[in-house]
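Visitor: generate coordinates for the sequence data below:
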Amino acid sequence: RDIAGDGAEVVIAQLDADGAPHVALALPPRGGDAARDVHRTAPSPVIRWRDRRVRILAVALFAAYAWFFQGGGWNQNTRLALTRAVVEHQTLRIDDTGRVGGRLVTGDYAERDGHFYSDKAPGSSLAAVPAVALASYLTGSPPSPGEVTFLGYVATLATSAVPTVLSALLVAACAEALGASATGALVALGAFALGSPAWAYATLLWGTALSTFSLLGAFAAGLSLRRRDDDDDGRDARLGLLVGVGGAWATITEYPAAVPAAMVAVMTLAGVWEDPLRRRRVALGIAAGAAVIVAVLAAYNSAAFGSALTLGYARIRGFAGMQQGLFGVTRPRGDVLVEILVGSYRGLGRLAPALFLGPLGLWGLTRGATRGPALTALAVAAYYVLLNASYAYWDGGWSYGPRHLAPALPFLALGLAPLWDLASREQRRVIL
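Guide: Residues are numbered from 1 along each chain as shown. The predicted structure follows:
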């Protein structure tokens, strides 16, 4: 104002990391009307690997996850058995790899024509193939029981620990893209990565961590598309492809992710809807990415179960609850809802109470440019809570916390960032 003089209009711009304007306010001549918003775009949620602090944080989180290994269990063993079957025998049958010392080590299997198959969605097992194939050079053929445990540890690092590290960094990047300060973003990251059951899930060979990362990655790509780049014609298609691939891989890793993947796709398209050319590019990218991954699932189902549309859960033995509704999913039960939220057995409130504040922060973002992403995050979180409350095996068996709502954790954590920025010192103590 001092430089321009009282009679001039001054525009103040905030630039993002790429030097593009994020927010610009026009200040009228002194004594004029209120400042007006003349430009507002969202910065892209990018993990800044060039920042040494980000690399140190990533290594620290990986070390925290890699230090612990929960070992085997029916869920872990069937996923590892499929990975080993592909690597060691180039088959999808787990007749041999589902046994250790001649004993079947999992009850989570499907049967077809007298052969055993993993009953789980194949995404995590397939993703572990490269890491386990490399680690197999260090084991015998066939591997000893101890070497099988080693292969399980490698698979867990590749498909649970690493994806959870990346998810944590994406939480911070998405929080900043939604307008949070760096400190607020770090609080959200910490609440998810170290202050929630996500830490436990990062040490287990389940599909939870990989599905969470894939879904959050799709969400981050959708956020990036809210910013237009006229200098890169292929950007819209590439990011659309990531939305499709991320949502679809989340789904073939944990089938219930299909619904939130669709929510993220809708959010993405809504952000570019007013521009027909961008809308077409993004839609084609999403469709192409999803189609490739769905083709992988169709090929797997055909080879394992004889039909592209037959899932492993359709050929399981036992588990009578899976015959109810849609593979065990019926309608939400009030008693289960209370238990998974505040109960002493699986209650999230006892394990990560700060996340209960997340919806408040997300609701505060439902005004203005962040409305679509905030509503999507709320919808994803609500979906998983209701899904968990609707499932016959809601407690997750051998588990820690309500594992079936695990993909909701990063979306709840996002809401802590704006709350932190608005909170007083006393209120921040409550959050911590």
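
Visitor: okay, strands next: where are they in the chain?
Guide: 10-15, 21-27, 36-40, 99-100, 103-104, 109-112, 115-118 (DSSP state E).

Visitor: ranking the ones you listed by mean pLDDT, which is last?
Guide: Lowest mean pLDDT of those: strand 36-40, a mean of 44.

Visitor: who does Y391 bridge with?
Guide: In this structure, Y391 bridges to V329 when assessed by DSSP bridges.

Visitor: I'd say it and H404 touch.
Guide: Yes - look at Y391 against H404 with CB atoms under 8 Å: they come within range, at 5.9 Å. All C-beta atoms are positioned from the backbone trio N, CA, C, and that covers glycine.

Visitor: now do the contacts for A202.
Guide: Y65, S160, A161, P163, T164, V165, A209 (CB atoms under 8 Å, 6 or more residues apart in numbering).

Visitor: looks like the first one contacts W199 (just checking).
Guide: Yes - with contacts counted by CB under 8 Å, Y65 reaches W199, the gap being 6.9 Å.

Visitor: what's the overlap in contacts for those two?
Guide: Joint contacts of Y65 and W199 (CB under 8 Å, 6+ apart) are T164.

Visitor: compare those two (neighbour count), which wins?
Guide: Y65 (26 against 20; other CB atoms under 10 Å).

Visitor: what about that one, distance to A200?
Guide: Here Y65 is placed at a distance of 10 Å from A200 (CB to CB, to the nearest Å).

Visitor: G397 now?
Guide: 14 Å.

Visitor: per-residue pLDDT of R226, please?
Guide: Confidence at R226, expressed as pLDDT, is 88.

Visitor: what about it, how many residues nearby?
Guide: When neighbours are counted by other CB under 10 Å, R226 comes out with 21.

Visitor: you'd agree it is up against G271?
Guide: Yes - R226 is within contact range of G271, at 4.7 Å (criterion: CB under 8 Å).

Visitor: hey, where'd the helices end up in the stretch 1-150 of the chain?
Guide: Using DSSP state H, counting those that start in this stretch, the helices assigned to the stretch 1-150 of the chain run over residues 52-66, 74-84, 123-127, 129-135, 145-156.

Visitor: can you redo those as JSON lines with distance to P43 and mean pLDDT?
Guide: As requested, the helices of the stretch 1-150 of the chain are exported to JSON lines (distance: least, CB to CB, whole Å; pLDDT from 0 to 100):
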{"stretch": "helix 52-66", "distance to P43": "16", "mean pLDDT": "96"}
{"stretch": "helix 74-84", "distance to P43": "37", "mean pLDDT": "96"}
{"stretch": "helix 123-127", "distance to P43": "30", "mean pLDDT": "97"}
{"stretch": "helix 129-135", "distance to P43": "33", "mean pLDDT": "97"}
{"stretch": "helix 145-156", "distance to P43": "34", "mean pLDDT": "95"}
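
Visitor: for G217, find the nearest of these.
Guide: Among the helices of the stretch 1-150 of the chain, helix 123-127 comes nearest to G217, with 13.1 Å by CB to CB.

Visitor: which elements pack onto that closest one?
Guide: The helices and strands touching helix 123-127, judged by 3 or more CB pairs under 8 Å, 6 or more residues apart in numbering; DSSP states H and E, are helix 74-84, helix 208-224, helix 235-253.

Visitor: show me what the second one is packed up against.
Guide: Packed against helix 208-224, as judged by 3+ CB pairs under 8 Å, 6+ apart, are the following elements: helix 123-127, helix 162-177, helix 198-201, helix 235-253, helix 258-272, helix 371-390, helix 409-414.

Visitor: out of the ones you listed, deepest packed?
Guide: Sort the helices and strands packed on helix 208-224 by mean neighbour count, taking mean count of other CB atoms under 10 Å, and helix 409-414 sits at the top with a mean of 31.

Visitor: can you list contacts of that helix?
Guide: 167-168, 170-171, 174-175, 178, 188-189, 191-192, 196-198, 212, 216, 219, 352, 355, 358-359, 361-362, 377-378, 380-381.

Visitor: repeat the analysis, applying 6 Å as the threshold.
Guide: Applying CB atoms under 6 Å, 6 or more residues apart in numbering, the external contacts of helix 409-414 come out as 167, 171, 175, 188, 191-192, 196, 198, 216, 355, 358, 377, 380-381.

Visitor: many thanks, we can stop here.
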